[in-house]
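1. Need a 3D model of the following:
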Amino acid sequence: MPLSALDFVLAARRSEITGLQQLLQMSKLVGAVSQLIHLLQRERGTVNIYLCSQGTLWGDRLSERSRQVQQAVLAMDTQLLALDLAGQTMANASRLFSRIAIALNSLSSLPALREQVAALSIQQPEAMSCYSEVIRTHLALIFEAADTSGDPSVSRALLAMFSFMQGKELAGQERALAAAGFTSRHFDDQAHQQLLELIEGQERCFHTFMEFADECALTLWQQQQRTDSSELERFRRIACTCATPAGEPHDVALRWFDIATARIDGMKIIEDRLEERLMACCEQRIHDAQRCGARQQQEIAQLPQRDNHYAALIPPQLSRSILELIEQQSRQLQAQDAELAALRATLADRKLVERAKGLLIQHHGMSEPQAHKILRDMAMKQNKKLAEIAEAMLSVAAVMGKSAP
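-> Numbers count the residues shown, from 1 in each chain. As a prediction, this is how the structure comes out:
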């Protein structure tokens, strides 16, 4: 028997629900990666103090931090096993799976790195760079996950979460860099500049987060900003302007570390709220789609059955009923497509910029803020958009045989 328009109305709804269920699973993966990144940041902080103190501080914490990270890796592995590796229900599956492979490969560097740290055979800047690279690959995974979403509300939640996590990572790098300076009792001009770039980078990421976040997350962020210690700003001023901080090195470094950690832990609470919001968006959309699908099936079941499958389209009263179902679904899709198109344009620009920054980080040893500054300065000089500069840089790199991560 030939298929009718009604068959495809129902098939479209089933496909939507399947896609949303896969998106929910992706959101669970994002949550697991978020926790892993937080624990990697914590391990990096402990390693930083241990190395800066030449092994006199926090050596007893190293194994516990490593164990926590391994547990988070296992939790992430559980979510990876639940993914559809065929990628049949997932947009941009190829790039996403490549990001996952890169992230998993980066974790293989940790055992050797930990041995070097324990033996004090690696310098603090190099160790920090290694941990930051592992974290960067996992942040890139989350950003790629945002491109798998075909739902505007979920896309917004993913973009808000990624931007906030990126800002939180820069806050972690600021904590580590300043702790090293306070321990050595010296900040040179390069350290001053790096710290200023990290602070500026945080503001940039949190500004983007505020564009896409829900009201609850924004309220929490405003509360966090009000509770940030005035002592934090005092330490920042010292680190960004003074070459020789006063006080005992270890006491000053640990005090700074505690203040910065309290701020980052507060950010983690907001990050968890963003994860909850992401899950709630997915679950609500699945619920709405299932409810709408059930209503459509009920309405279709009430239509008189005809021997000729196409005859149902002939009587005016039936034609109107079917047309209403199709138009209702069409209006929903049009509304989603309009919002999603705007979000995808933003996401496409962000992806170009992130890939260009990754290129500068990988091939020129830059930090994330330094890479962003290079792109921004070029954009200002050429009076072009940041994304246009990033796209041109990626094109040149492709010609020269340098691949973007």
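2. Show the pLDDT at the closest residue to Met267 other than its chain neighbours.
-> Leaving out its chain neighbours, the residue that sits closest to Met267 by Cβ to Cβ, 6 or more residues apart in numbering is Lys168, at 4.6 Å. No exception for glycine: its C-beta is placed from N, CA and C like everyone else's. Note on Lys168: pLDDT of 96.
3. surely Ala387 meets Leu347?
-> No: when contacts are counted by Cβ atoms under 8 Å, Ala387 is not listed as touching Leu347 (10.8 Å).
4. Could you report the neighbour count for the closest residue to Met366 other than its chain neighbours?
-> Spatial nearest neighbour of Met366, excluding adjacent residues (Cβ to Cβ, 6+ apart): Leu360 at 4.7 Å. Residues lying near Leu360 (other Cβ atoms under 10 Å) number 22.
5. what about Leu360, distance to Ile389?
-> Noted for Leu360: a distance of 11 Å to Ile389, by Cβ to Cβ, to the nearest Å.
6. same check, this time on Ala11
-> Counting by Cβ to Cβ - Ala11 and Ile389 are separated by 43 Å.
7. So between those two, which is more surrounded?
-> Remark: of Ala11 and Ile389, Ile389 carries more neighbours, 22 against 11, as counted by other Cβ under 10 Å.
8. any idea which helix or strand carries that one?
-> Using DSSP states H and E, Ile389 falls within helix 386-399.
9. now do Pro245
-> Going by DSSP H and E, Pro245 is not in any helix or strand.
10. so is the closest residue to Asp228 other than its chain neighbours in a helix, a strand, or just coil?
-> Counting by Cβ to Cβ, 6+ apart, Arg263 is the residue found nearest to Asp228 once chain neighbours are left out, at 5.8 Å. Secondary structure assignment for Arg263 (DSSP: H, G, I helix; E, B strand; the rest coil): helix.
11. How about the contacts made by Arg263?
-> 171, 224, 228-229, 232 (Cβ atoms under 8 Å, 6 or more residues apart in numbering).
12. For ChimeraX, what selects the buried ones among those?
-> ChimeraX command restricting those to the buried ones, with burial defined by 16 or more other Cβ atoms under 10 Å:
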select :171
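13. which of the contacts of Arg263 lies closest to Lys381?
-> Nearest to Lys381, judged by Cβ to Cβ, of the contacts of Arg263 is Ala171 at 29.4 Å.
14. My read is that the closest one contacts Asp265, right?
-> No: assessed by Cβ under 8 Å, Ala171 is found out of contact with Asp265, at 10.7 Å.
15. So which other helices or strands are in contact with the helix holding Ile389?
-> Applying 3 or more Cβ pairs under 8 Å, 6 or more residues apart in numbering; DSSP states H and E, we find helix 386-399 packed against helix 316-364, helix 368-382.
16. just the angle between that helix and helix 368-382, please?
-> Here helix 386-399 runs at an angle of 100 degrees relative to helix 368-382 (axes from the mean of the first three to the mean of the last three Cα atoms, to 10 degrees).
17. roughly how far is helix 386-399 from the heart of the chain?
-> The chain centre lies 22 Å from the centre of helix 386-399; the measure is Cα atoms, centre = their mean, to the nearest Å.
18. Repeat that for stretch 115-130.
-> Computed by Cα atoms, centre = their mean, the chain-centroid distance of stretch 115-130 equals 26 Å.
19. in that stretch, what counts as buried?
-> Those would be 116-118, 122, 124, 127-128, 130, for stretch 115-130 by 16+ other Cβ under 10 Å.
20. Inside helices: which ones of those?
-> 116-118, 124, 127-128, 130 (DSSP state H).
21. Any chance of JSON lines for those, columns pLDDT and distance to Met366?
-> Output for those, formatted as JSON lines (pLDDT from 0 to 100; distance: Cβ to Cβ, whole Å):
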{"residue": "Gln116", "pLDDT": "97", "distance to Met366": "23"}
{"residue": "Val117", "pLDDT": "97", "distance to Met366": "24"}
{"residue": "Ala118", "pLDDT": "96", "distance to Met366": "29"}
{"residue": "Gln124", "pLDDT": "92", "distance to Met366": "18"}
{"residue": "Ala127", "pLDDT": "96", "distance to Met366": "18"}
{"residue": "Met128", "pLDDT": "93", "distance to Met366": "14"}
{"residue": "Cys130", "pLDDT": "95", "distance to Met366": "15"}
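22. of these, closest to Ser106?
-> Once Cβ to Cβ is applied, the member of these that ends up nearest Ser106 is Cys130, at 9.3 Å.
23. What segments of the protein are helices?
-> So, for the chain - with DSSP H - the helices run 5-52, 62-81, 93-107, 110-118, 124-146, 152-184, 189-212, 215-227, 230-241, 249-301, 316-364, 368-382, 386-399.
24. Show me what the fifth one packs onto, helices and strands only.
-> Read it as helix 124-146. For helix 124-146, the packing partners by 3+ Cβ pairs under 8 Å, 6+ apart are helix 5-52, helix 93-107, helix 110-118, helix 152-184, helix 316-364.
25. Measure how the shortest one sits relative to helix 5-52, angle-wise.
-> So that's helix 110-118. Using the same axes, to 10 degrees, helix 110-118 lies at 20 degrees relative to helix 5-52.
26. Packing partners of helix 110-118?
-> Using 3+ Cβ pairs under 8 Å, 6+ apart as the contact test, the elements touching helix 110-118 are helix 5-52, helix 62-81, helix 124-146.
27. Check the offset of the last one from the chain's centre.
-> Spelled out, that is helix 124-146. 11 Å.
28. Repeat that for stretch 104-123.
-> Centroid displacement of stretch 104-123 relative to its chain, using Cα atoms, centre = their mean, is 24 Å.
29. can you pull the contacts of His250?
-> Here His250 is in contact with 53, 56-57, 183 (Cβ under 8 Å, 6+ apart).
30. just the buried members of those residues?
-> Listed as buried from these are 53, 57, 183; burial here means 16+ other Cβ under 10 Å.
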